[in-house]
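Peer 1: kindly generate the corresponding structure for this input.
(one chain, ligands or ions: 3)
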Amino acid sequence: VRIEGLAARLAAIVGPAHVLEDPDVRAGYELDWTRRWRGTALLVVRPASTAQVAATLDACAAAGVTVVAQGGNTGLVGGSVPRGDAPAVVLSLGRLVQLGPVDTTAAQVAAGAGVTLAALQAHVEGSGLRFAVDLSARQSATVGGMAATNAGGIHVMRHGSMRSQVVGLEAVLASGETVSRMTGLVKDNTGYDVCGLLCGSEGTLGVITALCLRLIPERAFRLAVMVGLPGTSAALDVLAHARRLESLEAAEIMFAEGIALVGEMTGVRPPFAAGYGCVLLLEFAADEDVTDAVAAVLEHAGCPDDRLAVARAPAERARLWELRERLTEVVNVVGVPHKLDVTLPLRAIPAFADGVAELVRSVAPDARAYVWGHIGDGNLHVNVIGPDPDDDRVDAAVLQDVSARGGSISAEHGIGVAKARWLGLTRSAADIAAMYAVKRALDPSGMLNPGVLFAGGAP
Ligand code: FAD
Ligand code: 2HG
Ligand code: ZN
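Peer 2: Residues are numbered from 1 along each chain as shown. Ligands and ions are numbered 1, 2, ... in the order given. You can find the predicted model right below:
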């Protein structure tokens, strides 16, 4: 490691104002959103162009330091902050904020990796098109980070996750070379899908600098429905009926404990009396008014009239969504959460959801579990408060249970450092060996995000 002079070399590339060495200034880049994961950075560097990213990686490689790419630092698996003993530079992509014109013919837009989801949404608004992935960290999460984690969010059941929106991308590899497919060609079968490979690579294979993103038509009509139900089986029954409508775009589930917590902390409550085991939030989007079709489906599904709310106007819909969107934030106030973002076959959801709190308590008697998620995708977010940040016995128990039920240990947040130990629960030895072969080929010295995805190096 030859770090003397690194700051000066980086300052010559990005300008002295964008090499952050002061510990107080660095602190925000060294601690993750949950506060469970933290480390120390040698420095934070903030390039403003792809060429500056490439030169930065060259300088870091020459100095023998590792590089942690960071977008909005909203990731929930510890992948966006430094860790361990190896000297690390945080490469913050927040200045790559260029946005191309909205191409309404191709239904595409080009965006720098540091563009936030909210900025992208604002840019596209009014064009008749919209970006399909939405999540509540939209003010800070960047499109580069979203591609790197293959983020999901609330519309996956209809439009797919981030990978499905990426028509092309540009990235700098550990070698300093830039790979670019920003032509916007939707058909281009010319070998390995490098864009697809970088989606979900969590900063371990390259640094994404720009994306060409697919847009979808903005629908004229939206309807949100909130319904209180006895439990998960009833919610799945309603989902089975609602799925018959093509306009179904989101199906979210919350449980009584989490709803009560949001109510206590923010005053936001369901617009009907308690007494439910869970609450289902559905959203429909179409070109025409689908109220009657939705009402017929809900009636057929036996939804209770006295625990049902329907909202059409944007402000009314936002009121229903606020309950769902504030869960992450209120749980973070109660303590440092262990976040277990898992996915299960839908048929396995009731037994898992009914048993997970007890499973957690069997390992950590004083722990509290809050569960919610994207039920349409079989994706539940189990948040456990109580165990120390480095006590991962609860994580092990829940992830093993998920695996035994045929699920996956990560639905949409990724593996990061939080789940690297358990990758083998979900991926076979052959899978992991193939992934590691790719990692070794593209990043032979292990400079990019060590510790993420693969715990302790080579499998
Ligand atoms: P960061 O947190 O900065 O980084 C995440 C990972 O990507 C790290 O491994 C980092 O090294 C890597 N990375 C970042 N930028 C780049 C780049 N340009 N090139 C290469 N690697 C890079 N996630 C969901 O999937 N669905 C949700 O519904 C959802 N809701 C959320 C709600 C809240 C309130 C919060 C706090 C988080 C939520 N998340 C959700 C998690 C998070 O927002 C996503 O994982 C998001 O994609 C991370 O984007 P980011 O820019 O903050 O990335
Ligand atoms: C959500 O859907 C996000 O709310 C965050 O993916 C989940 O905080 C969590 O565990
Ligand atoms: Zn989620």
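
Peer 1: near ligand 2, which residues of the stretch 201-350 of the chain?
Peer 2: The stretch 201-350 of the chain comes close to ligand 2 at residues 327-328, 339, 341, as judged by Cβ under 6 Å from any ligand atom. C-betas here are computed from N, CA, C, even on glycine.

Peer 1: of these, closest to ligand 1?
Peer 2: Set against ligand 1, the nearest of those by Cβ to the nearest ligand atom is T328 (3.9 Å).

Peer 1: helix, strand or coil for the residue nearest to that closest one when sequence neighbours are not counted?
Peer 2: What sits nearest to T328 in space, not counting adjacent residues and going by Cβ to Cβ, 6 or more residues apart in numbering, is S136, at 6.8 Å. S136 carries the three-state label coil when classified by DSSP: H, G, I helix; E, B strand; the rest coil.

Peer 1: quick one on the thing from earlier: which of the residues of the stretch 201-350 of the chain next to ligand 2 come close to ligand 1?
Peer 2: The residues of those that also fall near ligand 1, by Cβ under 6 Å from any ligand atom, are T328.

Peer 1: which of the residues of the stretch 201-350 of the chain next to ligand 2 fall in helices?
Peer 2: 327-328 (DSSP state H).

Peer 1: TSV please, covering the residues of the stretch 201-350 of the chain next to ligand 2 and showing pLDDT.
Peer 2: Formatted as TSV, those follow (pLDDT from 0 to 100):
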residue	pLDDT
L327	98
T328	98
K339	98
D341	98
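
Peer 1: just flag the most distant two among the residues of the stretch 201-350 of the chain next to ligand 2.
Peer 2: Taking Cβ to Cβ as the measure, those span a maximum distance of 12.8 Å, between L327 and D341.

Peer 1: okay, and the common contacts of those two?
Peer 2: H381 (Cβ atoms under 8 Å, 6 or more residues apart in numbering).

Peer 1: just checking, F272 touches G228?
Peer 2: Yes. Counting by Cβ atoms under 8 Å, F272 does reach G228; the two are 5.7 Å apart.

Peer 1: have a look at the two and say which one is more surrounded.
Peer 2: G228 (25 against 17; other Cβ atoms under 10 Å).

Peer 1: relative to the helix or strand where that one lies, what are the paired strands and their orientations?
Peer 2: Using DSSP states H and E, G228 sits within strand 221-229. Sheet pairing of strand 221-229 (DSSP bridges) gives strand 278-286 (antiparallel), strand 308-311 (antiparallel).

Peer 1: closest to ligand 1 out of the ones you listed?
Peer 2: Comparing those by Cβ to the nearest ligand atom, strand 278-286 comes nearest, at 13.2 Å.

Peer 1: is any part of the closest one close to ligand 1?
Peer 2: No. Shown here: strand 278-286 not in contact with ligand 1 (Cβ under 6 Å from any ligand atom), separated by at least 13.2 Å.

Peer 1: which helix or strand lies directly C-terminal to that strand?
Peer 2: Counting by DSSP H and E, the next helix or strand C-terminal to strand 278-286 is helix 291-300.

Peer 1: centre-most residue in this protein?
Peer 2: A151 (3.8 Å; Cα atoms, centre = their mean).

Peer 1: that one and F131 touch, don't they?
Peer 2: No. Counting by Cβ under 8 Å, A151 does not reach F131; the two are 11.6 Å apart.

Peer 1: ok, R244 - how many residues close by?
Peer 2: For R244, the count of nearby residues is 11 (other Cβ under 10 Å).

Peer 1: let me fix that: D354
Peer 2: 13.

Peer 1: list the contacts of the nearest residue to it once chain neighbours are set aside.
Peer 2: For D354, ignoring the flanking residues on the chain, the nearest one in space by Cβ to Cβ, 6+ apart is T232 at 6.8 Å. Applying Cβ under 8 Å, 6+ apart to T232 gives the contacts 253, 277-278, 349-350, 353-354.

Peer 1: same check, this time on W422
Peer 2: Residues in contact with W422, defined by Cβ under 8 Å, 6+ apart, are 395-396, 399-400, 403, 409.

Peer 1: just give the strands next to the strand or helix carrying V179 in its sheet, each with its orientation.
Peer 2: Using DSSP H and E, V179 falls within strand 178-180. Strand 178-180 has these partner strands in its sheet, going by DSSP bridges: strand 166-173 (antiparallel).

Peer 1: what comes into contact with the partner strand?
Peer 2: In contact with strand 166-173 (Cβ under 8 Å, 6+ apart) are residues 50, 53-54, 57, 108, 147, 178-186, 194-196, 198-199, 205-214, 442-443.

Peer 1: are any of these buried, and which?
Peer 2: 50, 53-54, 57, 108, 147, 178, 181-182, 184, 194-195, 198-199, 205-214, 442-443 (16 or more other Cβ atoms under 10 Å).

Peer 1: restricted to strands, list those residues.
Peer 2: Judged by DSSP state E, the buried ones among the contacts of strand 166-173 include 108, 178, 206-214 as members of strands.

Peer 1: ok, of the residues you listed, which one's closest to H155?
Peer 2: For those, the nearest to H155 is R214 (12.8 Å; Cβ to Cβ).

Peer 1: tell me what that closest one is bridged to.
Peer 2: Taking DSSP bridges as the rule, R214 bridges to Q108.

Peer 1: all helices for the stretch 101-250 of the chain, in order.
Peer 2: Remark: helices assigned in the stretch 101-250 of the chain by DSSP state H, counting those that start in this stretch are 117-124, 143-149, 156-159, 162-165, 194-198, 232-242.

Peer 1: which strands and helices sit next to the third one?
Peer 2: The helices and strands touching helix 156-159, judged by 3 or more Cβ pairs under 8 Å, 6 or more residues apart in numbering; DSSP states H and E, are strand 248-255.

Peer 1: tell me the helix or strand right after the strand it packs on.
Peer 2: Strand 248-255 is succeeded, C-terminally, by helix 256-266 (DSSP H and E).

Peer 1: what about that next one, near ligand 1?
Peer 2: No. Using Cβ under 6 Å from any ligand atom, helix 256-266 stays clear of ligand 1, coming no nearer than 12.9 Å.

Peer 1: tell me the angle that helix makes with strand 221-229.
Peer 2: 110 degrees (axes from the mean of the first three to the mean of the last three Cα atoms, to 10 degrees).

Peer 1: distance of the residue of the stretch 351-459 of the chain found nearest ligand 2 relative to R243?
Peer 2: Per Cβ to the nearest ligand atom, H381 is where the stretch 351-459 of the chain lies closest to ligand 2, at 3.5 Å. Taking Cβ to Cβ, to the nearest Å as the measure, H381 falls 21 Å from R243.

Peer 1: for these two, indicate the residue with more neighbours.
Peer 2: The neighbour count for H381 versus R243, taken as other Cβ under 10 Å, is higher for H381 (23 against 14).

Peer 1: what do F272 and G228 both touch?
Peer 2: In contact with both F272 and G228: 307-308, using Cβ under 8 Å, 6+ apart.

Peer 1: how about the residues of the stretch 351-459 of the chain by ligand 2?
Peer 2: Residues of the stretch 351-459 of the chain found near ligand 2 (Cβ under 6 Å from any ligand atom) are 381, 383.
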